[in-house]
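Asks: Sharing a model that was predicted from the sequence below.
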Amino acid sequence: MKKLPYREGDVFAVPLGSGGFSLGVVARSPRQGKVLLGYFFGEKFPSVPSDLPTLLPENALKVVKFGDLSLMTGEWPVVGHLQNWDRDHWPMPKFIRQDPLRKRAQLVSYSDDDPNQLIAKEPCNIEAAGYERDSLLGAGSVELLLTRLLGPAPADGTRRAER
């Protein structure tokens, strides 16, 4: 088995289509990799940062399941590891699946050790708020999502504040 170039608690840089980079944290990684859980942040950097800001799970802009291809190829470079990493502080959230045509929704739970292993589904109100949509994003989709959420690069080269 090939050794993965990342591990839980690693911080990585995601290139944005509008220029610059955002940061993500590998919060869950099964032994074989492939599908990960990541916390993604709203601070925008003009280049890959060498000094990491303080990253806290409650400040994440998005928490999503995503494929590890760009981490494997180095397109998303690992730039550090969180000091005092504790996976319990970076939980596996529940996600929501919505069927607007039937006006139904479900909260879905995944294994704490494998973000690709569904372990439970429970009905919920279709207007349930506070849950990310249940999806699996490829690397390109993560880049597009973060680019859309973070907007164009600041003209003066300063960092955009975390949201």
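Replies: In hand now; what should we look at?
Asks: which element is the residue nearest the centre of the chain on?
Replies: Residue closest to the average C-alpha location in the chain (C-alpha atoms, centre = their mean): residue 38, at 3.0 Å. Following DSSP states H and E, one finds residue 38 within strand 35-40.
Asks: list the helices and strands that strand packs on?
Replies: The helices and strands touching strand 35-40, judged by 3 or more C-beta pairs under 8 Å, 6 or more residues apart in numbering; DSSP states H and E, are strand 21-28, strand 62-67, helix 139-150. C-beta: built from backbone N, CA, C; applies to glycine.
Asks: Quickly compare those and say which is most buried.
Replies: Each of those was scored by mean neighbour count; the highest is strand 21-28, a mean of 24, by mean count of other C-beta atoms under 10 Å.
Asks: Alpha carbons of that strand, in CSV - could you do that?
Replies: Taking C-alpha atoms only, strand 21-28 is exported to CSV below (Å, rounded to 0.1, in the frame of the first residue of the first chain):
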residue,chain,number,x,y,z
PHE,A,21,-5.0,30.3,-1.9
SER,A,22,-7.3,29.2,0.8
LEU,A,23,-6.6,26.6,3.5
GLY,A,24,-8.1,23.3,4.4
VAL,A,25,-7.6,20.8,7.2
VAL,A,26,-7.8,17.0,6.8
ALA,A,27,-10.2,16.1,9.6
ARG,A,28,-10.9,12.5,8.6
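Asks: which intervals of the chain have sub-threshold pLDDT?
Replies: Applying pLDDT under 70 to the chain flags the ranges 1-2, 153-163.
Asks: 50 instead, please
Replies: 156, 158-163 (pLDDT under 50).
Asks: any idea how far residue 36 is from the closest residue to residue 93 other than its chain neighbours?
Replies: Leaving aside its chain neighbours, residue 93 sits nearest to residue 63 (5.6 Å; criterion: C-beta to C-beta, 6 or more residues apart in numbering). As judged by C-beta to C-beta, to the nearest Å, residue 63 and residue 36 stand 11 Å apart.
Asks: which residues are common contacts for the two?
Replies: Both residue 63 and residue 36 are contacted by residue 27, under the criterion C-beta atoms under 8 Å, 6 or more residues apart in numbering.
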